[in-house]
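Enquirer: sequence plus the predicted model coming up.
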Amino acid sequence: MSQKIKQFTIHEDWTVVLLGFLIIGLSLFIFLPSVPVFKWSNGADLGNDVFDYGNLQIIMVQFVYLISIGSIGAFLTGKSVKNFLRGFPVVYLLTVIALIIAGNSVIKGLNLEAVIFSLIIGLSIGNFFTLPEWFRAALSTEIFVKIGLVLLGTSVIFSDILKAGFLGLIQALIVVLSVWYFAFWLCKKLKVDDELTMMISSAVSICGVSAAIATSGAIKGDSKKLSYVISMVLVTAIPMMIFMPIIAKYFNFPEEVTGAWLGGSIDTSGAVVASGSLVGETALKISTIVKFSQNVLLGLAAFAISVYWTYRQNAADGSTVTKPTLKVIWERFPKFVIGFIAASLLFSFLLTSDARDEVKDGLKNLQGIWFALAFTSIGLETNFKDLFSKNSKKPLYAFLIAQLFNIIITLIIAFLLFGK
């Protein structure tokens with residue numbers, strides 16, 4: 001029996017793929033939880049909308065749904081289901097508080113995502129209160145993150161990629177490759193460790209938060225390092241969102257160029273939409289197309305990073321004389337990437353647009369809540385000293401310099417492709 005549990009633990013990624021497709025199957029054929037309302041502007045909205053009895057029922061149904069899926073995950077990976085059932089309500093409650101804070105109109109205007117508040121709340125409790133060991137052991141951070149990543153595949157639709165436009169795809173490809181390689185080279189020069197190097201390179205070049213999460217999953221990265229990268233992404237997006245449109249207007253950049261610049265360099269989709277709106281309709285449209293074009297490269301990037309990492313691991317194990325075999329690559333390859341790609345193929349080619357539209361919002365909500373739960377868990381198991389130690393200065397410098405390079409190279413490419 002103990003041997004079985006060990007095998008389940010080894011195959012955690014397969015469990016995540018199974019759970020992801022269980023959610024997708026339930027959503028398509030049986031039941032998809034309604035999307036709770038977290039948007040509010042004042043006390044009256046908070047009482048009438050968020051704390052409305054009907055909305056609280058939706059939140060409770062979502063809780064039962066999530067704890068059921070999570071319990072299956074705990075069982076299949078050999079964790080204590082009893083401890084998970086005891087600990088998950090706390091994690092869920094804290095995550096709902098984070099979602100309510102992020103739902104405020106002022107916070108939304110600053111484009112601060114729920115995951116940053118999940119992390120802050122988790123860090124605050126984890127650092128000021130001594131949590132029981134059983135509770136820390138019950139946290140299922142990896143499962144939460146990877147379920148969210150499999151569900152993320154449902155939003156990557158190949159027909160939308162083609163609609164994004166040839167120029168948008170060309171810019172996305174050039175920017176992602178050039179910025180990723182520069183960030184990777186810079187991190188190596190500054191002697192940033194390998195895990196942070198991969199996360200920073202992907203976050204700066206592809207699509208910020210989602211790219212950092214996907215890369216961390218692909219390389220089985222340290223959750224503390226992931227939380228640090230996510231914090232840098234979200235904090236730098238705010239000044240970029242505000243000042244880049246101002247710079248563009250001051251120098252009279254064409255709207256098409258401005259849109260391509262914003263979409264290619266700002267790391268979060270929400271900030272791209274907000275900044276594009278400040279410029280104009282054309283800038284908003286092009287910025288969204290370019291950002292989406294970069295987002296769709298996430299699956300390919302995760303696959304490439306996974307293969308690269310298995311080669312690196314093989315070398316680290318001392319097997320530098322012979323190349324890793326296909327068996328070694330398969331054993332080390334993160335299987336959740338297969339789930340991500342399979343979900344994308346399913347929603348791109350096997351479902352009608354009507355079927356996709358019916359479940360799109362509900363699945364996006366579930367994807368977001370799994371990510372938020374993961375960052376609450378990361379905060380609870382992370383120490384401030386680990387997160388903001390002196391050793392974190394070099395990754396910060398690398399991130400900021402790479403982001404500056406991203407801004408400059410993207411502007412040049414935007415002028416070359418979209419300038420008239």
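Expert: Nice, I can see it. Residues are numbered from 1 along each chain as shown.
Enquirer: residue ranges with poor pLDDT in this structure?
Expert: Within the chain, the ranges that satisfy pLDDT under 70 run 1-11, 111-112, 159-166, 268-270, 273-274, 295-296, 299, 312-334, 383-392, 420.
Enquirer: wait, what's in contact with the spatially closest residue to residue 186 that is not a sequence neighbour?
Expert: Spatial nearest neighbour of residue 186, excluding adjacent residues (CB to CB, 6 or more residues apart in numbering): residue 398 at 5.3 Å. Quick note: C-beta positions are derived from backbone N, CA and C, even for glycine. The contact partners of residue 398, by CB atoms under 8 Å, 6 or more residues apart in numbering, come to 183, 186-187, 190, 192, 197, 200.
Enquirer: repeat that with 6 Å
Expert: The contact partners of residue 398, by CB atoms under 6 Å, 6 or more residues apart in numbering, come to 186-187, 190, 192, 200.
Enquirer: what is the neighbour count of residue 27?
Expert: By other CB atoms under 10 Å, the residues close to residue 27 number 19.
Enquirer: so it sits right up against residue 361, yeah?
Expert: No: shown here, residue 27 and residue 361 do not form a contact pair, counting by CB atoms under 6 Å, at 10.8 Å.
Enquirer: tell me which element the residue lying closest to residue 418 once chain neighbours are set aside is part of?
Expert: Leaving out its chain neighbours, the residue that sits closest to residue 418 by CB to CB, 6+ apart is residue 256, at 4.2 Å. Assigned by DSSP states H and E, residue 256 falls within helix 255-265.
Enquirer: and that helix, how far from the chain's centre?
Expert: With CA atoms, centre = their mean, to the nearest Å as the basis, helix 255-265 stands 22 Å off its chain's centre.
Enquirer: alpha carbons of that helix, as PDB, please.
Expert: Below are the C-alpha coordinates for helix 255-265, written out as PDB (Å, rounded to 0.1, in the frame of the first residue of the first chain):
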ATOM      1  CA  GLU A 255      -1.900  54.900 -32.700                       C
ATOM      2  CA  GLU A 256      -1.100  51.600 -34.500                       C
ATOM      3  CA  VAL A 257       2.600  51.800 -33.400                       C
ATOM      4  CA  THR A 258       1.500  52.700 -29.800                       C
ATOM      5  CA  GLY A 259      -0.900  49.800 -29.600                       C
ATOM      6  CA  ALA A 260       1.700  47.300 -30.900                       C
ATOM      7  CA  TRP A 261       4.200  48.800 -28.400                       C
ATOM      8  CA  LEU A 262       1.900  48.500 -25.400                       C
ATOM      9  CA  GLY A 263       0.700  45.000 -26.400                       C
ATOM     10  CA  GLY A 264       4.200  43.700 -26.900                       C
ATOM     11  CA  SER A 265       5.900  45.100 -23.800                       C
END
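Enquirer: what's the spacing between residue 398 and residue 207?
Expert: Residue 398 sits 19 Å away from residue 207, going by CB to CB, to the nearest Å.
Enquirer: on the three-state scheme, the nearest residue to residue 305 once chain neighbours are set aside is what?
Expert: Nearest residue to residue 305, sequence neighbours excluded (CB to CB, 6+ apart): residue 218, at 4.8 Å. Recorded secondary structure, residue 218: helix (DSSP: H, G, I helix; E, B strand; the rest coil).
Enquirer: for residue 402, what are phi and psi?
Expert: Main-chain torsions, residue 402, degrees, to the nearest 10: phi -60, psi -40.
Enquirer: kindly apply the preceding question to residue 104 instead.
Expert: Phi and psi for residue 104, reported as degrees, to the nearest 10, are phi -60, psi 140.
Enquirer: ok, and the closest non-adjacent residue to it?
Expert: What sits nearest to residue 104 in space, not counting adjacent residues and going by CB to CB, 6+ apart, is residue 40, at 6.1 Å.
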